[in-house]
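A.B. asks: let me see the structure of the following:
(4 chains)
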4 protein chains.
Amino acid sequence: MPTEVKGLNEECGLFGVWGTPDAAQITYFGLHALQHRGQEGAGITANDHGDLQSQRGLGLLADVFRDPARLARLTGEAAVGHVRYATAGNHGVENIQPLEFNFSDSQFALAHNGNLTNAVTLRRNLEQNGAIFHASSDSEILMHLIRRSPAANLTDQLKDALRQVHGGFAYLLLTNDRLFAALDPNGFRPLVVGKLPTGGYVVCSETCALDTVGATFIQDVHPGELLTIDDNGLKIDHYTTDTQLAICSMEYIYFARPDSDIYGVNVHSARKRMGAALAHEQPVDADIVVGVPNSSLSAATGYAEASGLPYEMGLIKNQYSSRTFIQPTQVLREQGVRMKLSAVKGVVAGKRVVLIDDSIVRGTTSRRIVKLLKDAGAKAVHLRIASPPLRFPCFYGIDIQTTKELIAAQQTIPEMCQTFGADSLGFLSEQGVIDAVGLKVGAPYGGLCMAYFNGDYPTPLYDYQAEYDEEQRQLQAKQSRGD
Amino acid sequence: MPTEVKGLNEECGLFGVWGTPDAAQITYFGLHALQHRGQEGAGITANDHGDLQSQRGLGLLADVFRDPARLARLTGEAAVGHVRYATAGNHGVENIQPLEFNFSDSQFALAHNGNLTNAVTLRRNLEQNGAIFHASSDSEILMHLIRRSPAANLTDQLKDALRQVHGGFAYLLLTNDRLFAALDPNGFRPLVVGKLPTGGYVVCSETCALDTVGATFIQDVHPGELLTIDDNGLKIDHYTTDTQLAICSMEYIYFARPDSDIYGVNVHSARKRMGAALAHEQPVDADIVVGVPNSSLSAATGYAEASGLPYEMGLIKNQYSSRTFIQPTQVLREQGVRMKLSAVKGVVAGKRVVLIDDSIVRGTTSRRIVKLLKDAGAKAVHLRIASPPLRFPCFYGIDIQTTKELIAAQQTIPEMCQTFGADSLGFLSEQGVIDAVGLKVGAPYGGLCMAYFNGDYPTPLYDYQAEYDEEQRQLQAKQSRGD
Amino acid sequence: MPTEVKGLNEECGLFGVWGTPDAAQITYFGLHALQHRGQEGAGITANDHGDLQSQRGLGLLADVFRDPARLARLTGEAAVGHVRYATAGNHGVENIQPLEFNFSDSQFALAHNGNLTNAVTLRRNLEQNGAIFHASSDSEILMHLIRRSPAANLTDQLKDALRQVHGGFAYLLLTNDRLFAALDPNGFRPLVVGKLPTGGYVVCSETCALDTVGATFIQDVHPGELLTIDDNGLKIDHYTTDTQLAICSMEYIYFARPDSDIYGVNVHSARKRMGAALAHEQPVDADIVVGVPNSSLSAATGYAEASGLPYEMGLIKNQYSSRTFIQPTQVLREQGVRMKLSAVKGVVAGKRVVLIDDSIVRGTTSRRIVKLLKDAGAKAVHLRIASPPLRFPCFYGIDIQTTKELIAAQQTIPEMCQTFGADSLGFLSEQGVIDAVGLKVGAPYGGLCMAYFNGDYPTPLYDYQAEYDEEQRQLQAKQSRGD
Amino acid sequence: MPTEVKGLNEECGLFGVWGTPDAAQITYFGLHALQHRGQEGAGITANDHGDLQSQRGLGLLADVFRDPARLARLTGEAAVGHVRYATAGNHGVENIQPLEFNFSDSQFALAHNGNLTNAVTLRRNLEQNGAIFHASSDSEILMHLIRRSPAANLTDQLKDALRQVHGGFAYLLLTNDRLFAALDPNGFRPLVVGKLPTGGYVVCSETCALDTVGATFIQDVHPGELLTIDDNGLKIDHYTTDTQLAICSMEYIYFARPDSDIYGVNVHSARKRMGAALAHEQPVDADIVVGVPNSSLSAATGYAEASGLPYEMGLIKNQYSSRTFIQPTQVLREQGVRMKLSAVKGVVAGKRVVLIDDSIVRGTTSRRIVKLLKDAGAKAVHLRIASPPLRFPCFYGIDIQTTKELIAAQQTIPEMCQTFGADSLGFLSEQGVIDAVGLKVGAPYGGLCMAYFNGDYPTPLYDYQAEYDEEQRQLQAKQSRGD
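C.D. replies: Numbering: from 1, shown residues only, chains lettered A, B, ... in the order given. Reported below is the predicted structural model:
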């Protein structure tokens, strides 16, 4: 589960339901299970006999719906909901989803997880043709394309629109009489469909949300699929067949909840296998294995088991930290006041520690944790990362769109080891990740997107290509200068 | 760390500091590290050059001080703080501590952790002599005794008062010119003293709070000690030498934070040894070991290591649950909607699970978790508890003052196993707990209070004796009838 | 000033400023003075060197900006703000203004007061040409028209757009480098421009907001004018010269703040003259004059002076009512519990009261107040209304779009008198209103819109015509049947 | 009604009820009507079949009970409530009333309005005999005296205690089986008793609260009376017959709500008569009469009628001001930004204004308002005060305990006139107040306490005497020096 100490953020969680009483309540509980995918905004749109009503706000789902009357107002038998991580400059209330559209004869609520690579081009073309945009995010584009499509009916207009947007996207679109769900041709983001005991259908980002609302898993939504759910039931169709699975490997490594399954692979189990593979690839002579709570605990236990070293709770995370509005002043911080993580002295003092983290973004957390353990008396700290170095930006929905913030793009592994103050540093190989996930598909990298590790993007980069090329050029120039 | 799913509650955390800038801020961060000891109220009193000012409120520390102005108003170089678990009938704002007392020529702020056994008698005597009481809790009694003591000075009055109160108590008393700390003659509750890098002193419930504020551990406060901290430094004295250590074993088993040390024993390590001992005492033929998050994870890893079975993350706790004000309706709950704990299907499906819990109070959680695992496909669930059956009430500060709510006082182990729907059930022995903690003291039960397990109370019960005897009589009558 | 007891609601207050430090702060205080024009939502967009940032939320201005950080984030030297009354079905956060529009190369913030009569037609045409709409209100339409205009520059595009929208509108449009203000050709809504001591310009709904921020009045914005304010100063232009003043008479009667001047006429003074005229038109043999607080106090003093009867404070309004979330239950209300208005027994007991109200919408308040006075011992209650009977809907920005809710459209004056339980009932004549306001313009009805009283709308009704005709037909049929 | 612009504060409002369903709800609405008597804290204690439960908090009543669950928890058929103005240094939550006392065999809730003159002495004596005090206010003293009384039963103990406290007090004391109400021997503070339609009894500070809850007035509580209300009904007794009425004249002048009656005299009517008397005593050649909203409107209409000058609404108070957390910076204030009061230019420009205020404390408001009117174009501002100069402190419950803050104790009338920038200044005479109130009692000053005007205190000052004498000595020395 993501924690606030990591500078790596998913941009959304989606939940939609059709055909059950208390649809908005169920959506609330489903979103609650997806809260780890976005904490800066939440919203629900409900459909009561064809009439759409929304509630949205900044902050955690529980804060948005702190007044129970807000949820109570969302009556009806269908709903879509969204939890959002807001990227820089997008903190406004206008970016909170589901986006609602009101036409003379129809209403739509749109929820989007992912990032489009041709948004700038699409937007510029649309603007030249009179389109207006409220928000700065990409999510309005699809609605413009739908409304401007010459196709004969809504389903065909939607298919038409979906063929024009590129990049990473999972969409839920609630209308007056239907719920649509669509996934991009590479399936970058997870999306699953399930069935409620009451007979209704649920489409959501992760299986953990199905479990939370008591729904039975039907299938993963596949790349290029368009699902339509209405009072006649679920219909699975395609808007394109030119697809190739490249599910975001970071979902397995970091984002998704450990109890979720993605394409049949349990996330916790995949992480544990990554930890085990890491133990084989990067062994170390040490006394104990400690994981960074909470996201690295699966990998740490895998490392411990495979290495035969004891797994120890050498770090404690204060479960109340996320509620605290008061932060220590710089003076107090220098005196040693800290809020979130504590080292367990009785466990680490005098020990050679293998510290397992799932991934490294900026490296600031790693440096802090190594210091925390050494201050607590650890004799040595060997940092082992259960994924390869993050060297390239993501354009499909993770909030790393520049290499500047990636330490592994700036430093070699020995340099990073020194930066962190660790006694040694090792990463899992790409093949290690691929094998640990173990999808049985005939796509490159075993069906995973590994671009952040190797720069091999499964799609053209469109609007991002020029900036990306320039950034890589500068990076190589810098490296060749030996900066 | 305690979770809200267990019906077992500590009643307080204490933090006091003398001789440092930002004393109230430091107290805030110290209390933040002790939040697990009480979530229903919090308060801080600061001493600014002899003048005492307080802020108190219902709820979590972060809620009470959500408006930063409240903390900013607490200026000065000394402070005491308190986090509180409110027992039934004591939810009022008048029970939130520190209690403040204002006299014509002096002020006091008192913070109390524990429960007195002769409070009713003391109170009745005091009332007969004109004393008035605001709150329903015991904490005002000490101040009455101090003020009515004929002794010549405040220190002697305090000692006099401390000799009259019986049961479990750790007190912090902030005056216009000093900070006192005192512990009961059995040391039922933990209390430690440390030193800040700035030269000030800290007295608090657990070492994790020392670590959080960057203080160095000096010593555990011992039974019968009275500490005085003022501008001349720390002075350690005794108000009685008739002492015998009987530290609450539930602090090691459940209450204290895993990174705290109590009498030199790390809590996580003690729990891990309990888990290992449990594996030896109660072995089982199974596939995986799963702990109830978060409090049983230490014991679960100990069990796993000792048994050679893999430790798995078969249960996930939603880290956002505590913020949620909206709960599923009964209808939704029956349909399977759940908020806090999820089973990891991919881990437990088809497996024989050893489920480790630290203790069982009412048993309702155990039943729910066994069902959760079985619904997720577990082939068998063998419940193992890393402590003996809780059969007797506590009168020293834990919120179990009647056996009615203790399932182990009402049912045999086979009956409980059936109640829980488990495939087998086993508890750790008393000796197992004592050895796992391993205090090197020459007191009964290795210096632990084991009364909740065996009814052997280290002190007379005073005001509780009659009710206790009657309850035991009824219980035996019921058991002999075979109800 | 409007009170919450009247079912008659203005839809907005506008405030814009260009060229001063602390622009958002000044906008906050300006909106605070306009809070009576809308209490259900508020927002501010600030322009910091060309970059627009917004904060918006539901509720009163003070609630939206309760966290001072929200206002502090709005840096820059220009801003627009909006307070909103939400009409039925428009309670969503997406309707709160200023609306923000983000294009690849520019940003806009739009604030709108008024109602368009051809919105449905415009919207349908725009939708047929691919336009998408977020909100259900009319305010997005202008931005679509601007962006679709073939004109050569933004000013001409805006003029082009303004010529296409009909009905009542005052617009503020903040761009990256300018602030526009425009008023409809009839000037239905008030809008004024002033100058700050710092040299910046202010455009806002009422002069009371100029006074509040220390700005000097320059002029009323006139029908058909388009103002442009930028770093070069203020420029006043026209987008049309086909204009005729028909300022909403209800602004003088009820909506505007008594300290505002509209077209040079002080609102309080106009109301007082209405009260005096009412005394001449509808005299009554009575003991005292009592006004309904707070909106009718001006008219009541006018009545008292002209009639020679003493003006008495026979009704008291609880100034804390608007904060109260807890309302009396039906049982308590029947027992006499009431929150907002109290009769002053010592004043009204045994007296024949002339009760002055500014207007009657549904009549429920009138009935309640007459009863309140009689319960307090009034010997007689003669209700006098300082405006003519409200018989027709408004389509230019007041929230009465159907005659169903207007009691004067359903009942004769004697019937109403009986409904209210009053001893007599009299209204001010249309000419009385016109003379009391006394604008020196050569337009019909002295430059006032009197359509709610006489059905003589100053513009075609466009999209509302058909529904209006049908409603009038039914009403006449009903009246001829004598229902 | 008091406004926040005046530095003069009542310290409490009381409301108690016995014998009706929804007692806490009724208390809520009663306190709501008394909110003008105290805005910094509120609390309610309910008695449910002998069991007392309380809710208290800082801020307005509506804020304390924003969560409806807090009120819902207060079940039962009796209750007492309190709204509080917190004097300096008494802002803590421990001072919010009703104070609750919990004894082994009984509970009490005490609410107090007033100030004791012998509190310091009583407190010191009690402390010497072991009494402890939580709060810094005087209100705990009564409970100590009750509990230490040797009398045979509670009623006699209470009478005994009431005879020992001196100064101004109205007490409500709720016990497990009764509600007591008592008033000091001079009746400094108002207190009334009434009957509900359901048969229950209400005791509260003002008749406006009786009206709000639908209760019928029975009588004013008289000096020295002790009322007991229980299931047998209302019993009126005396704890002393050595009484003489000296009701606080400021209740009539400023504090009480205009719709309240005190000893049969309606407050609005008394104020109007004061205004009329002021017109006769202090006539002026002027054009219009303007009152300071809201508290001076009654007096202003009285002045207008008696003088024959028109009463005009020349000042407007923003009804939303009290909710605003953001205040203008000093820079903005200098530029003219203001929040609370606005002058109506259209009314005052070019006019000679008689400005009526009810009283002057520090004078800062007067200076600001005179400037406001002159800035709005008033040709002259003649300030007329509908009460005599406030020259002496109050020790009976109004928050003026030092003459330092009273401008009339420091300056002559001509000096004040200059300070305020007014064209002339005149005050109502003492006899003018006495006649305007017109109580038909044979006590000095017509039954009013006029000590703030003339220093003639109806009781010995006890603990305040020394400080008062010294202050008067310094003042005279200063005046004789001509400072």
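A.B. asks: which other residues reach the biggest helix by length in chain A?
C.D. replies: Using DSSP state H to define each element, chain A has its longest helix at helix A:465-481. Identification of contacts with helix A:465-481 by CB atoms under 8 Å, 6 or more residues apart in numbering or on different chains yields A:393, A:402-404, A:409-410, A:455, A:461. The C-beta positions use only the backbone N, C-alpha and C, and glycine is treated the same way.
A.B. asks: buried ones among these?
C.D. replies: A:393, A:403, A:409-410, A:461 (16 or more other CB atoms under 10 Å in any protein chain shown).
A.B. asks: between these, which is nearest B:Phe29?
C.D. replies: A:Gln410 (33.4 Å; CB to CB).
A.B. asks: before we move on, back to that, tell me the buried residues in the longest helix of chain A?
C.D. replies: A:468, A:471, A:475.
A.B. asks: neighbouring contacts of stretch A:56-64?
C.D. replies: Here stretch A:56-64 makes contact (CB under 8 Å, 6+ apart) with A:28, A:31-32, A:35, A:39-44, A:55, A:70, A:83, A:91, A:93, A:96-98, B:320, B:323-326, C:92-94.
A.B. asks: what helix or strand is A:Ala408 located in?
C.D. replies: Using DSSP states H and E, A:Ala408 maps to helix A:407-410.
A.B. asks: quick one: A:Val337 from A:Thr329, how far?
C.D. replies: Distance of A:Val337 to A:Thr329, computed by CB to CB, to the nearest Å: 8 Å.
A.B. asks: the two: which is more packed in?
C.D. replies: Applying other CB atoms under 10 Å in any protein chain shown to A:Val337 and A:Thr329 shows that A:Val337 carries more neighbours, namely 24 against 12.
A.B. asks: tell me the phi and psi of the residue lying farthest from the centre of chain A?
C.D. replies: Most distant from the centre of chain A: A:Gly350, at 37.5 Å, with distances by CA atoms, centre = their mean. Per-residue torsions, A:Gly350: phi 80, psi 0 (degrees, to the nearest 10).
A.B. asks: ok, it touching A:Lys379?
C.D. replies: Yes: assessed by CB atoms under 8 Å, A:Gly350 is found in contact with A:Lys379 at 5.8 Å.
A.B. asks: helix or strand for the closest residue to chain C within the stretch 151-300 of chain A, which one?
C.D. replies: Sorted by distance to chain C under CB to the nearest CB, the residues of the stretch 151-300 of chain A start with A:Gln157, at 11.0 Å. If you go by DSSP H and E, A:Gln157 is part of helix A:154-164.
A.B. asks: so where's the stretch 201-350 of chain A uncertain?
C.D. replies: A:323 (pLDDT under 70).
A.B. asks: can you give me the strands for it?
C.D. replies: A:201-204, A:216-220, A:225-230, A:233-238, A:247-248, A:261-262, A:265-266, A:288-291, A:311-312, A:315-317, A:341-343 (DSSP state E, counting those that start in this stretch).
A.B. asks: save these as a markdown table, and put in mean neighbour count and distance to B:Leu428 too.
C.D. replies: Listed next are the strands of the stretch 201-350 of chain A as a markdown table, based on neighbours: other CB atoms under 10 Å in any protein chain shown; distance: least, CB to CB, whole Å:
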| stretch | mean neighbour count | distance to B:Leu428 |
| --- | --- | --- |
| strand A:201-204 | 28 | 41 |
| strand A:216-220 | 16 | 38 |
| strand A:225-230 | 21 | 51 |
| strand A:233-238 | 14 | 50 |
| strand A:247-248 | 27 | 44 |
| strand A:261-262 | 24 | 35 |
| strand A:265-266 | 20 | 31 |
| strand A:288-291 | 26 | 24 |
| strand A:311-312 | 25 | 20 |
| strand A:315-317 | 22 | 23 |
| strand A:341-343 | 23 | 27 |
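A.B. asks: quick check: which of those strands is nearest to A:Val120?
C.D. replies: Nearest of the strands of the stretch 201-350 of chain A (CB to CB): strand A:247-248, 21.8 Å.
A.B. asks: who does the closest one touch, helix- and strand-wise?
C.D. replies: strand A:448-449 (3 or more CB pairs under 8 Å, 6 or more residues apart in numbering or on different chains; DSSP states H and E).
A.B. asks: report the buried residues of the following helix or strand past the strand it packs on.
C.D. replies: Counting by DSSP H and E, the next helix or strand C-terminal to strand A:448-449 is helix A:451-454. Neighbour counts over helix A:451-454 (16+ other CB under 10 Å) mark A:451-453 as buried.
A.B. asks: sort those by pLDDT and name the bottom one.
C.D. replies: Lowest pLDDT among the buried residues of helix A:451-454: A:Tyr452, with 93.
A.B. asks: report the contact partners of that residue.
C.D. replies: Contacts for A:Tyr452 (CB under 8 Å, 6+ apart) come out as A:249-250, A:390-394, A:398, A:400.
A.B. asks: quick one: which two of those are the most distant?
C.D. replies: A:Ser249 and A:Pro393 (14.5 Å).
A.B. asks: quick one on the thing from earlier: give me the contact list for the helix holding A:Ala408.
C.D. replies: Against helix A:407-410 from outside (CB under 8 Å, 6+ apart): A:360-363, A:389-392, A:403-404, A:416, A:419, A:475.
A.B. asks: how about the helix holding A:Gln157: buried residues?
C.D. replies: A:154-155, A:157-162, A:164.
A.B. asks: can you name the next helix or strand after that helix?
C.D. replies: strand A:167-175.
A.B. asks: of the contacts of helix A:407-410, buried ones?
C.D. replies: Of those, these count as buried by 16+ other CB under 10 Å: A:360-363, A:389-392, A:403, A:416, A:419, A:475.
A.B. asks: what residues does the stretch 1-150 of chain A have near chain B?
C.D. replies: Within the stretch 1-150 of chain A, the residues that sit near chain B (CB under 8 Å from any CB of the partner chain) are A:1, A:21-22, A:25-26, A:28-29, A:32-33, A:35-36, A:60-63, A:65-66, A:68, A:71.
A.B. asks: what's the closest of the buried ones among the contacts of helix A:407-410 to D:His134?
C.D. replies: For the buried ones among the contacts of helix A:407-410, the residue nearest D:His134 by CB to CB is A:Arg362; the value is 50.9 Å.
A.B. asks: can you pull the pLDDT of the closest one?
C.D. replies: At A:Arg362, pLDDT is 89.
A.B. asks: sec struct for it, please.
C.D. replies: coil (DSSP: H, G, I helix; E, B strand; the rest coil).
A.B. asks: could you check how far it is from A:Thr419?
C.D. replies: In terms of CB to CB, A:Arg362 sits 11 Å off from A:Thr419.
A.B. asks: and chain A, what are its domain boundaries?
C.D. replies: When chain A is parsed with automatic domain parsing, its domains come out as A:12-243, A:269-439.
A.B. asks: identify the farthest-apart pair in the contacts of helix A:465-481.
C.D. replies: A:Gln410 and A:Leu461 (21.1 Å).
A.B. asks: on that earlier part again, you'd agree the residue of the stretch 151-300 of chain A closest to chain C is up against A:Met143?
C.D. replies: No: in this structure A:Gln157 lies outside contact range of A:Met143 using CB under 8 Å: 10.4 Å.
A.B. asks: circling back: in the buried ones among the contacts of helix A:465-481, which has the lowest confidence score?
C.D. replies: Lowest pLDDT among the buried ones among the contacts of helix A:465-481: A:Thr403, 82.
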